[in-house]
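Student: Here is a sequence together with a model predicted from it:
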Amino acid sequence: MTLAFQGTVGGRHRLVDAMEKSTGRGMYVEDFVYPGMLHCRLVRADHPHADIDGVDFSKAEELDGFVAGLAPGEPGTGARFGVLPISEDESALPSPRSLYSGGIVAAVACEDEVTAREAAALVRVTYTLLDPVLRPKDALAETDCPLHEGTVEGTNIHKKVDQEFGDPDGAFERASSVAEGTFVFHGINHGFTEPIGCVAVPEANGRMTLVSATQVPHYLHRSLARVLDLPMHRVRIIKPLVGGGFGGKSDPFPHEMVAALLARKTGRPVKLIFDREEVFLNNHGRHPTDYKIRIAADEEGNLLGLDAFALIDGGAWGSFGVVTTYYNGVLSLGPYRLPAFKYSGRRVYTNKPASGAMRGHGSVNARFAFETCLDEIAEDLGRDPIDLRIQNALPANTTTLNHLRITSNGFVECLEKVRERSGWAEKHGKLPYGRGIGVGCGFYISGSALPIHRTRTPQSTVHLKIDLDGGITIHSMAADIGQGSDTMLTQCVSEAMGVSMDRCRVKARDTDTGPLDLGSYSSRVTFMAGNAALRAGEAALRKLQRACSRLTGLSAEEFERGEGEIYFHRSNPSVTVSFEDALTEALADRGALAVKGIYRAPKLGGSFKGSGAGLSPTYSYQAFVAEVEVDPETGFVRAQKIWAAHDCGRALNLTAVEGQIEGSVHMGMGQALTEEMKYQKGQLLNGSLLEYKIPTPIETPEIEAIVVESIDPEGPLGAKECGEGALAPVIPAIANAIHDAVGVRLREVPMTPERVLAAIEKAAKVQTHADS
Amino acid sequence: MRIPDFTLHQPLTAEEAVGLAKGSESFDFLSGGTDLLPNYKWGLGCRENVISLRHIPELSETPLGAGRTLWEIEHDSTLAEQFPALVAAASGVATPLIRRSATLGGNLFLDTRCWHFNQTADWRRAHGSCLKAEADQCRVLPDPGDICVATYSGDLAPVLLVHGATAFLAGPKGERAVPLADLWAPDGIRRFKDVAGGEFLVRLEMAPDARDWTVAYQKLRLRESFDFPEGGVAAGVRWQDGKAAEVRIATTAYASVPSLHPEIGEILVGGSLEENAIEKASKALQAEVRPMKNTSMSPAYRKKMARVLCRRALLGCRQG
Ligand SMILES: Cc1cc2nc3c(=O)[nH]c(=O)nc-3n(C[C@H](O)[C@H](O)[C@H](O)COP(=O)(O)OP(=O)(O)OC[C@H]3O[C@@H](n4cnc5c(N)ncnc54)[C@H](O)[C@@H]3O)c2cc1C
């Protein structure tokens, strides 16, 4: 009896690199050692804004083991690069000015790390100090010396977005209920486990290899070639195992250029591994933002319009900031129907470590503001917050005001599930003072539909090589940074071919062999690389089907995948061919199979300015409920339990999806309650894991991850993103629960005990005042 | 981060340790290293010689030996029965992993901490450094004189103060006993009143009546693991016939030394910790503490919380 293939998709799978990692055999960048390798240390700026007048290596040069220094002005150090072609404003070393305290000013390469540290400390830098721009509002003003060329009208505004759809003014005139507020967000850092690092290796033939802990090998490849002034084929990027990224390794970075320039200068491999403080100084984390928002609803609770203004602190560089500026607006056009929308965003340059992309990029801060206001509208209209959300939910298969195409949509199911599981009806508004429950939702892209660079090259390509050993080599440059993309590729290929996952091995660490993939950002990998892997697997299957046909004389397309790595003929199910036999036949006279699959997003969106922002082949949806306890005497908030429903289309690997949801909840909790980058006169005060307060397991509540499967029509086997969207809802869910617990609205995160207590005391004062 | 080179000495007896200390100009004692070595990594107060006290059996022989790890104290059932607040305070220090190495001696002799001090060498250079490190200027107070206001944030000191513990030190002048209350000097750099160079803690002994005291400790910090106290209050009551015969309140993380607050204890003597008396004492403590702006939480909040910590600690001392 032949069983149809049960598949490798769904259920729970151990990640394919789990053993490599857990036995310590896997290679992270720190593990790469080359003969003659030098160690680099960076000299960092003492001032937030300064001209570099001179760099003096003479003291350092006296050290035994000093090999070379790199100073501003040397070839390549001033070459511009950046992840977005529209704001390539970074350079390896200051050119001409040093833009933040802790920024890289110069570098040394020495025989060993200890000497390099000593040497870096002996380098003398002379500065001419310039006035720093530290507050975003000051950056709006005109200035004689903007931090970068090409700012908006002589100010320090990097990007300006003004968008309007429908009739927002009319909406607010007609509204029965308006909620509004200004929300304050401090900068936060990704807090990934593995510090940033790289090794640059000059090859004998003049090529340059860079091993780097990166999420975006391709963008790094482009930028490094530019800085070294080499054609791209003379540059090779190796992405080893990466210990977490969350957006913090998704730009090409100055230190990568520095290592490569020093490797070129010395002709020797150069290694550079950051200390934790340097990770914070490199930052590119979530933007500090002031977010002013108004939401209008009619008396039935139908949303009428949104009006928002975001002042976004970009720090020293552009990074992904143009996207951030758009996302702070357009990603508020889901998961609710919204007939009118007005948004202005200003991202400014300041003399602080750059902000960039971080998990939930561009959506998180705006979402907190929006969901808090929704709760206020529900309160104002005497409506249940979950009912109100369901009433306003976007349906499946529709288009938003800004032409986002909505296909699969499990949003209402998410809301209904968390309502039921959390016991919402018995709790909301009914728990004793100090305890509360709140809801928060989310909506996120599943891969940016537009590639960053204008190109007709597919966004993901996967090659398979299948040879006599019966193994399937999956070549890709999708960047596994711990999220499990190698496992996902393996599942897609083995599913398509009807073989066990063990046959597959993923080679996705080397641009010399892996076909182009844009990398791990914008929650694109499962959707795009997964589809490419599936198409590649299907192409291989077709070859095997034809081999089956040659062996049996029956029609090729009727051969189907059967359980136990066989192919059976649909019309004659007793006719079966094993995978091995089919493969042997397929290889005969032809040699190893080489097939590929590609993914390119469909053409989407309108034709107005900025219409590309937020376009994605599909979107994920979330609804979370948080139950909290607030200590009204101290302001401490303890999240007791989070019910987290996420529509991921289809869970290819339940364990991995739940892991992403739980990780997002934990990370969102950090921004909600404890994490904040603190500065004094532009100098980061808390660049350590002791003083930058990531929640510990004790603070982490019980998390009930609820997987909702809307089966996306275009997703690989129905899947869509699950790594980012699940972060945003945590923050408003907790804030709304705090309101339910003690009756105060927090509009600044993190909601530290101090801030919560201040809000409680203020409310009490208002109350006493009203009573007297 | 790399720990700078130093010579590690591993004496096997107290006399040997004293001798080594006498013979070297620049040294530090090392126990678990969970405070000293992170500071070394940041280039703070590094010395050429490090004298480890870990191999001196005497330091671990008594229940309150300086060399006992916090993990041992946390899991000592006799101590748990006799001095539950001490065990609770020990189990709240840092993280489980750190408590495996961290010792009682190191905890009491913990260096003071400050935003402007506990930073990397690069950071301090950019900032201009501070009195306790390379500079002659305090960054917390514009004009503190030459007194450093770095914060003492050991968790065990306040509990031990309330229990009336005595420190037994070994040193060039032989062993001597110092009441814990007389050990510290209010200066974040000097830290101790008259502990001579080369003196170290061998053990503590509780006061003879220590077990007659009901003690509770309350700690303020953002995260319930990992974080140093941002404020800590220990309260102790010696009950007699249903009345508080003696009351002691001690604080940590509110100044550069842990301290007893005798006048505040007085407020409660003779009563039975009635709500209004507790409130009065707690408010008095709030008024008395003067936290500096040199830790993660604001001084205003830490000060306000002194009242809450005090009240909760006192509630924990109630009878029945
Ligand atoms: C992340 C982190 C969190 C922490 N959180 C806390 C906390 O919550 N509460 C808290 O109290 N501490 C905390 N600590 C500090 C430290 O871990 C503990 O105080 C610990 O008990 C110190 O003991 P040790 O044996 O490791 O000390 P060491 O590092 O060995 O020594 C500390 C100091 O005491 C001196 N010393 C050591 N032994 C003796 C002795 N017998 N006689 C005289 N001097 C001696 C040393 O010379 C040094 O100056 C934390 C540390 C870290 C790294």
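Tutor: Everything's here; your move.
Student: Can you tell me the closest non-neighbouring residue to the residue of chain B found nearest the ligand?
Tutor: Residue nearest to the ligand within chain B (C-beta to the nearest ligand atom): B:Gly106, separated by 1.9 Å. Bear in mind the C-beta positions are built from the backbone N, C-alpha and C, glycine included. Sequence neighbours aside, B:Ser31 is the residue nearest to B:Gly106 in space, at 4.0 Å (criterion: C-beta to C-beta, 6 or more residues apart in numbering or on different chains).
Student: Counting neighbours, what do you get for that neighbour?
Tutor: Counted by other C-beta atoms under 10 Å in any protein chain shown, the residues lying close to B:Ser31 total 25.
Student: show me the residues around the residue nearest to A:Val742 when sequence neighbours are not counted that make contact.
Tutor: Nearest non-adjacent residue to A:Val742, counting by C-beta to C-beta, 6+ apart: A:Val630, 4.9 Å away. A:Val630 makes contact with A:434-436, A:636-638, A:738, A:741-742, A:756 under the criterion C-beta atoms under 8 Å, 6 or more residues apart in numbering or on different chains.
Student: Buried among those residues? Make that a PyMOL selection.
Tutor: To isolate the buried members of these in PyMOL, using 16 or more other C-beta atoms under 10 Å in any protein chain shown:
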select buried, chain A and resi 435+436+636+637+738+741+742+756
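Student: Quick one: neighbours of the closest residue to chain A within chain B, just the number.
Tutor: Across chain B, no residue is closer to chain A than B:Ala126, which sits at 3.9 Å (C-beta to the nearest C-beta). Residues near B:Ala126, counting by other C-beta under 10 Å, number 20.
Student: what does B:Leu79 give?
Tutor: For B:Leu79, using other C-beta under 10 Å, the count is 18.
Student: Ok, A:Gln491 next?
Tutor: There are 31 residues near A:Gln491, going by other C-beta under 10 Å.
Student: so how far is the host helix or strand of it off the chain centroid?
Tutor: Here A:Gln491 sits within helix A:485-497, counting by DSSP states H and E. Computed by C-alpha atoms, centre = their mean, to the nearest Å, the chain-centroid distance of helix A:485-497 equals 22 Å.
Student: picking that back up, confidence score at the residue nearest to B:Gly106?
Tutor: On pLDDT, B:Ser31 comes in at 98.
Student: I figured it hits B:Leu70, correct?
Tutor: No - B:Ser31 lies out of contact with B:Leu70 (C-beta atoms under 8 Å); the separation is 10.7 Å.
Student: hey, what's in contact with both of these two?
Tutor: In contact with both B:Ser31 and B:Leu70: B:102-103, using C-beta under 8 Å, 6+ apart.
Student: where does chain B come near the ligand, residue by residue?
Tutor: B:28-36, B:38, B:53, B:66, B:70, B:93-94, B:98, B:101-103, B:105-107, B:109-111, B:154-155, B:200-201, B:226, B:228-229 (C-beta under 6 Å from any ligand atom).
Student: Which of the residues you listed fall in helices?
Tutor: B:36, B:38, B:70, B:98, B:101, B:105-107 (DSSP state H).
Student: what about the closest residue to A:Met257 other than its chain neighbours, how many residues close to it?
Tutor: Spatially, and ignoring its direct neighbours in sequence, A:Met257 is nearest to A:Ala92 (3.7 Å; C-beta to C-beta, 6+ apart). Neighbours of A:Ala92 under the rule other C-beta under 10 Å: 27.
Student: go on, B:Phe192?
Tutor: 16.
Student: With A:Ile706 instead?
Tutor: Using other C-beta under 10 Å, A:Ile706 has 23 neighbouring residues.
Student: and what of B:Asn107?
Tutor: So B:Asn107, with other C-beta under 10 Å, has 26 neighbours.
Student: who touches it in this structure?
Tutor: B:70, B:90, B:93, B:154-157.
Student: same thing with B:Val162?
Tutor: B:85, B:213, B:215, B:234-236, B:248-250, B:260.
Student: same thing but 7 Å
Tutor: B:213, B:215, B:234-236, B:248, B:250 (C-beta atoms under 7 Å, 6 or more residues apart in numbering or on different chains).
Student: Quick one: residues contacting the closest residue to it other than its chain neighbours.
Tutor: In space, and not counting its chain neighbours, B:Val162 is closest to B:Gly236: 3.6 Å by C-beta to C-beta, 6+ apart. The contact partners of B:Gly236, by C-beta under 7 Å, 6+ apart, come to B:162-163, B:213-215, B:248, B:317.
Student: What residues are bridge-paired with B:Gly236?
Tutor: B:Val215, B:Arg248 (DSSP bridges).
Student: Distance check, it against B:Gly265.
Tutor: Going from B:Gly236 to B:Gly265 by C-beta to C-beta, to the nearest Å gives 8 Å.
Student: Give the intersection of the neighbour lists for these two.
Tutor: B:Arg248.
Student: re the thing from before, I figured the residue of chain B closest to the ligand hits B:Leu37, correct?
Tutor: No - B:Gly106 is beyond contact range of B:Leu37, at 10.5 Å (criterion: C-beta atoms under 7 Å).
Student: What count of nearby residues applies to A:Gln61?
Tutor: Just to correct that, residue A:61 is Glu rather than Gln. The tally of other residues near A:Glu61 (other C-beta under 10 Å) stands at 15.
Student: right, I mislabeled it, should have said B:Glu224
Tutor: 15.
Student: where does it land on pLDDT?
Tutor: So, for B:Glu224, pLDDT stands at 96.
Student: go on, B:Pro144?
Tutor: pLDDT, B:Pro144: 65.
Student: try B:Lys173
Tutor: So, for B:Lys173, pLDDT stands at 86.
Student: which residues does it contact?
Tutor: Listed by C-beta under 7 Å, 6+ apart, the contact set of B:Lys173 reads B:Ala196.
Student: Ok, the one 10 residues further on next?
Tutor: Residues in contact with B:Leu183, defined by C-beta under 7 Å, 6+ apart, are B:167, B:192-193.
Student: Recalculate using a threshold of 10 Å.
Tutor: Contacts of B:Leu183 were listed using C-beta atoms under 10 Å, 6 or more residues apart in numbering or on different chains, and they are B:108-109, B:157, B:161, B:165-167, B:169, B:191-195, B:201, B:257-258.
Student: circling back to that earlier point, between the contacts of B:Val162, identify the one with the most neighbours.
Tutor: Neighbour max across the contacts of B:Val162 (other C-beta under 10 Å) = B:Ala235, 36 neighbours.
Student: Which residue comes closest to that one once chain neighbours are left out?
Tutor: B:Ala313 (3.8 Å).
Student: Let me know the helix or strand that the one you found is in.
Tutor: helix B:299-315.
Student: Kindly export that helix (C-alpha atoms) in PDB.
Tutor: C-alpha atoms of helix B:299-315 as PDB (Å, rounded to 0.1, in the frame of the first residue of the first chain):
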ATOM      1  CA  PRO B 299      17.700  59.900  43.300                       C
ATOM      2  CA  ALA B 300      14.200  61.300  43.800                       C
ATOM      3  CA  TYR B 301      12.700  57.900  43.100                       C
ATOM      4  CA  ARG B 302      15.200  56.000  45.200                       C
ATOM      5  CA  LYS B 303      14.600  58.400  48.100                       C
ATOM      6  CA  LYS B 304      10.800  58.000  47.800                       C
ATOM      7  CA  MET B 305      11.200  54.300  47.700                       C
ATOM      8  CA  ALA B 306      13.200  54.300  51.000                       C
ATOM      9  CA  ARG B 307       9.800  54.800  52.700                       C
ATOM     10  CA  VAL B 308       8.300  51.900  50.900                       C
ATOM     11  CA  LEU B 309      11.200  49.600  51.500                       C
ATOM     12  CA  CYS B 310      11.300  50.600  55.200                       C
ATOM     13  CA  ARG B 311       7.700  50.000  55.700                       C
ATOM     14  CA  ARG B 312       7.700  46.600  54.000                       C
ATOM     15  CA  ALA B 313      10.800  45.500  55.900                       C
ATOM     16  CA  LEU B 314       9.100  46.600  59.100                       C
ATOM     17  CA  LEU B 315       5.900  44.800  58.200                       C
END
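Student: and that helix, what's its mean pLDDT?
Tutor: 98.
Student: does A:Asp64 count as helix, strand or coil?
Tutor: coil (DSSP: H, G, I helix; E, B strand; the rest coil).
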